[in-house]
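Q: Pasting a predicted model and its sequence here:
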Amino acid sequence: MNYLSIEQFPDYKVPGVKHQDFQPYESNGGSIVAIAGNDFAVIAADSRLSSGYTIHTRNGNKLFQLSSNAVLGSTGCWCDTLALTALVKARMQMYEHTHSKTMSTDATAQMLSILMYNRRFFPYYVSNVLAGLNSEGKGVVYSYDPIGHFEKSNSRAGGSAGALLQPVLDNQIGLKNIKLEHIGFPAELTKERAVAIASDAFISATERDIYTGDSVQINIITKSGIEVKELQLRKD
């Protein structure tokens, strides 16, 4: 066979030999919601770790405390999540030993971006959301794509149910597509309302996404420390 002066050879198969495809990535599901306030940040993630229709564990914690004022939420390929978070913690320890102080949340966000960009040709198959307090004590949220590009915002959702959760945050936190004169919203976003919005968003997402469920781990970050709460979800 000759096509554009290039001879094409057929693919010959050896009898009894099977070709095995190697897939380096595996999506283990999971979702994240993060909300930033004036003096706090709330980040939540579900605890279901699954592969297809198989649930590996119902108690997987996808929130990783990096410092006293920063928490990283990571979902996607679980082995990549563990590898990336271990590297981030090691770099933060090196920074602390070298400079005798804890890395700030803004610096942590930049470092995470660099670490992910260094692996851009074989990227970590993860969805990361970093929440914490900046040097001024204000809440911040950073979201990432797999090669390290990040964006700062007041609220962000990621993971398998991110497309379902983000419109809720845009409406309730960003006040998109809503008539404020008809609804009595508080003048300032409080911790209690942020936790309630994150909880309601996960309850709704559990009804639509099979990779999100079981329970939600909620971390409330303030200048006095990190408070941990848990909300039970449906387990089917």
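A: Arrived safely, thanks for sending.
Q: CA only for contacts and neighbour counts going forward, please
A: Fine.
Q: Give the residue spans of this protein that score low on pLDDT.
A: 1-14, 17, 19, 180-187 (pLDDT under 70).
Q: Which helix in it has the most residues?
A: helix 78-99 (DSSP state H).
Q: Restrict the helix or strand just after that helix to CA atoms and write it as CSV.
A: For helix 78-99, the following helix or strand on the C-terminal side (DSSP states H and E) is helix 105-118. Written as CSV, here are the backbone C-alpha positions of helix 105-118 (Å, rounded to 0.1, in the frame of the first residue of the first chain):
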residue,chain,number,x,y,z
THR,A,105,0.3,30.6,53.0
ASP,A,106,1.0,32.8,50.0
ALA,A,107,4.6,31.3,49.7
THR,A,108,3.2,27.8,50.1
ALA,A,109,0.8,28.5,47.2
GLN,A,110,3.7,29.6,45.0
MET,A,111,5.9,26.6,46.0
LEU,A,112,3.1,24.2,45.2
SER,A,113,2.7,25.8,41.8
ILE,A,114,6.4,25.4,41.1
LEU,A,115,6.5,21.7,42.2
MET,A,116,3.5,20.9,39.9
TYR,A,117,5.0,22.8,37.0
ASN,A,118,8.3,20.9,37.3
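Q: Show me the contact partners of helix 105-118.
A: Contact with helix 105-118 is made by 69-70, 88, 92, 123-124, 130, 132-135, 142, 144, 146-150, as judged by CA atoms under 8 Å, 6 or more residues apart in numbering.
Q: Can you point out the buried residues in it?
A: Buried residues in helix 105-118, counted by 16 or more other CA atoms under 10 Å: 105-106, 108-109, 111-113, 115-117.
Q: Just list what the longest helix of the chain packs against, helices and strands only.
A: In terms of contacts (3 or more CA pairs under 8 Å, 6 or more residues apart in numbering; DSSP states H and E), helix 78-99 is packed against strand 63-67.
Q: what is the orientation angle of the next helix or strand after the strand it packs on with strand 63-67?
A: Beyond strand 63-67 in the direction of the C-terminus, DSSP H and E gives the next helix or strand as strand 70-76. Strand 70-76 and strand 63-67 are oriented at 150 degrees to each other (axes from the mean of the first three to the mean of the last three CA atoms, to 10 degrees).
Q: quick one: contacts of strand 70-76?
A: Residues from elsewhere that reach strand 70-76 (CA under 8 Å, 6+ apart): 26-32, 43-45, 62-66, 81, 105, 125-133, 159-160, 219, 221.
Q: now the helices for this protein?
A: 78-99, 105-118, 162-172, 191-206.
Q: any chance of those helices in JSON lines, plus distance to Lys18?
A: Formatted as JSON lines, the helices of the chain follow (distance: least, CA to CA, whole Å):
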{"stretch": "helix 78-99", "distance to Lys18": "27"}
{"stretch": "helix 105-118", "distance to Lys18": "35"}
{"stretch": "helix 162-172", "distance to Lys18": "38"}
{"stretch": "helix 191-206", "distance to Lys18": "40"}
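Q: The longest helix of the chain vs strand 70-76, what angle?
A: Calculated by the same axes, to 10 degrees, helix 78-99 forms an angle of 160 degrees with strand 70-76.
Q: got the CA coordinates for helix 78-99 in CSV?
A: C-alpha atoms of helix 78-99 as CSV (Å, rounded to 0.1, in the frame of the first residue of the first chain):
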residue,chain,number,x,y,z
TRP,A,78,-4.5,8.8,45.3
CYS,A,79,-0.9,7.7,44.8
ASP,A,80,-0.1,11.1,43.1
THR,A,81,-1.9,12.8,46.0
LEU,A,82,0.3,11.1,48.6
ALA,A,83,3.5,11.7,46.6
LEU,A,84,2.7,15.4,46.1
THR,A,85,1.7,16.1,49.6
ALA,A,86,4.7,14.3,51.0
LEU,A,87,7.0,16.4,48.8
VAL,A,88,5.2,19.7,49.9
LYS,A,89,5.6,18.8,53.6
ALA,A,90,9.3,18.0,53.1
ARG,A,91,9.9,21.3,51.4
MET,A,92,8.1,23.2,54.1
GLN,A,93,10.2,21.4,56.8
MET,A,94,13.4,22.4,54.8
TYR,A,95,12.2,26.0,54.7
GLU,A,96,11.5,26.0,58.4
HIS,A,97,14.9,24.6,59.3
THR,A,98,16.7,27.0,57.0
HIS,A,99,14.8,30.2,57.9
